[in-house]
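>>> Got a sequence here, can you model it:
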Amino acid sequence: MPFVQARISKDLSDSEKTALQKELTAIIKDELHKPAGFIMTGIESGYDLWLGDNKLDNGAMISVQQFGSANRDAYNAITQRICDYLKSALGTPSDKVYVTFQSINEWGWNGQLF
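This is a model prediction of the structure:
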């Protein structure tokens, strides 16, 4: 049900992408209490990102979409955990990371709406 899209300016190896996917899935599972088997993740590395007029060599835009909504504390925890992971695993400074959240009221899967 949740979809997490990660756009990373740094080129990532396949193993780094796999590790990022596993971490994003774990974060969403823990903080939004969603089954891991229903969390879809998309990762684009080598993505051109600018912050103002500055092209980022190591920045990230993470978008989280989910069916329904969560409280602000959960979103805050997700943001902190994502920033912590990106900093430790990829060296991405937290001030070069945006995280957005979108609540979706109508979500289709397996030929029908939830």
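>>> In the helix or strand containing Leu24, which residues are buried?
Using DSSP states H and E, Leu24 maps to helix 14-32. For helix 14-32, a neighbour-count test (16 or more other CB atoms under 10 Å) marks Glu16, Lys17, Leu20, Gln21, Glu23, Leu24, Thr25, Ile27, Ile28, Lys29, Glu31, Leu32 as buried. Backbone N, C-alpha and C define where each C-beta goes, glycine included.
>>> The fourth one contacts Gly42, correct?
No. Here Gln21 does not reach Gly42: they are 9.1 Å apart, not a contact under CB atoms under 8 Å.
>>> for Ala70, what are its contacts?
Listed by CB atoms under 8 Å, 6 or more residues apart in numbering, the contact set of Ala70 reads Glu31, Leu32, Phe101, Ser103.
>>> Pick the one among those residues closest to Asn58.
Phe101 (22.8 Å; CB to CB).
>>> sec struct for Met61, please.
strand (DSSP: H, G, I helix; E, B strand; the rest coil).
>>> make that Glu106, sorry
Under three-state DSSP, Glu106 falls in the coil class.
>>> Might one say that it is in contact with Leu113?
Yes. With contact defined as CB under 8 Å, Glu106 counts as touching Leu113 (5.8 Å).
>>> If you count surrounding residues, which of these two has more?
Set Glu106 next to Leu113 and count neighbours by other CB atoms under 10 Å: Leu113 wins out with 10 against 7.
>>> what about the more buried one, distance to Gly68?
From Leu113 across to Gly68, the span is 13 Å (CB to CB, to the nearest Å).
>>> So Lys10 belongs to a helix, correct?
No. Assigned with three-state DSSP, Lys10 falls outside any helix and is coil.
>>> Now do the contacts for it.
Counted by CB under 8 Å, 6+ apart, Lys10 has contacts Ser45, Gly46, Asp57, Asn58, Leu90, Thr92.
>>> Could you rerun that using 7 Å?
Ser45, Asp57, Asn58, Leu90 (CB atoms under 7 Å, 6 or more residues apart in numbering).
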